[in-house]
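Peer 1: Provided below are the primary sequence and the corresponding predicted coordinates.
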Amino acid sequence: MTNEKPFYPKFSYDEHARNCAPDDFLGQTRRTVRGVAVSDDQIQMIIKAMSAGLELGPDDTLLELACGNGVLSNFLFDSCKEYLGVDLSEYLISVAKKNFEVLPSHQFAVQGAIAYVRQEPQPERFSKALCYAGFQYFSADEATEILGSIFKKFTNVRTVFIGSLPDKDQAAKFYKENRPSAEELSDSSTAIGVWRTRSEFAQIASNAGWKVKLVTMPDEFHASYYRFDAVLSR
């Protein structure tokens, strides 16, 4: 049964991160289960999935949208020549710069994804793109524009990895009680963001020009029962 009135409040990653300890990198980005940081094994599964999907090489320049504090990003630095991560949160980027930035080749910048893809002066310098656990915080219009802009403007990007997407068809398994309304499941400003079915996401990506491969994490991954990944290619 859905709720008749909103149950789940709006959520700010920036505000949440500021309320965590300065060195609680996993807590700041909610790489947690019931408030407890996930294990190293779980993190390594995420890194393995991203690495396999992106097929990074020593000549690649990687763009990451909604990069957070860089706690996952830095594991990819040794696999690519250059990296730029952008995020709307000034606080999370300050943490990334202090703890993970490696100038001048691997750097972070404060900017929202929409503003960035519109304004990047040299989009052709990138060869791969990544958005892990951030795409669900883009509205339908934003998601369409971002994927379309990368396809049309970032012409040398051959592969995009979109990770940890909440699967609307599996929402009932996650919300065993107090399931949100359909409106809330489509709200990008809640703690989990927009729930999309696999077919809904695939349609957005294919409309933007991408070939789409949907991937499910192994059963031992803590969120495999309600999330999926996507690898986009030209």
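Peer 2: Done, it's in.
Peer 1: and the closest residue to residue 27 other than its chain neighbours, how far from residue 118?
Peer 2: When the adjacent residues along the chain are set aside, residue 27 lies closest to residue 20, with 4.4 Å between them (Cβ to Cβ, 6 or more residues apart in numbering). Where C-beta positions appear, they are placed from N, C-alpha and C, glycine not excepted. The gap separating residue 20 from residue 118 is 31 Å, by Cβ to Cβ, to the nearest Å.
Peer 1: same question for residue 42.
Peer 2: 35 Å.
Peer 1: so the two - more neighbours on which side?
Peer 2: With neighbours defined as other Cβ atoms under 10 Å, residue 42 and residue 118 compare such that residue 42 has more, 17 against 13.
Peer 1: who does the helix or strand hosting that one touch, helix- and strand-wise?
Peer 2: Per DSSP states H and E, residue 42 falls inside helix 40-54. Counting contacts by 3 or more Cβ pairs under 8 Å, 6 or more residues apart in numbering; DSSP states H and E, helix 40-54 is packed against strand 128-132, strand 159-166, strand 227-233.
Peer 1: now those as CSV including distance to residue 49?
Peer 2: Listed next are the helices and strands packed on helix 40-54 as CSV, based on distance: least, Cβ to Cβ, whole Å:
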stretch, distance to residue 49
strand 128-132, 9
strand 159-166, 7
strand 227-233, 6
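Peer 1: neighbours of the closest residue to residue 45 other than its chain neighbours, how many?
Peer 2: Nearest residue to residue 45, sequence neighbours excluded (Cβ to Cβ, 6+ apart): residue 221, at 5.3 Å. For residue 221, the neighbour count with other Cβ under 10 Å is 17.
Peer 1: quick check, residue 221 in contact with residue 41.
Peer 2: No - proximity of residue 221 to residue 41 does not meet the contact threshold set by Cβ atoms under 8 Å, at 9.4 Å.
Peer 1: and the pLDDT for the residue nearest to residue 45?
Peer 2: We have a pLDDT of 96 for residue 221.
Peer 1: how about the helices in the chain?
Peer 2: Along the chain, the stretches classed as helices by DSSP state H are 13-18, 25-28, 40-54, 90-99, 113-119, 140-153, 171-174, 182-185, 198-207.
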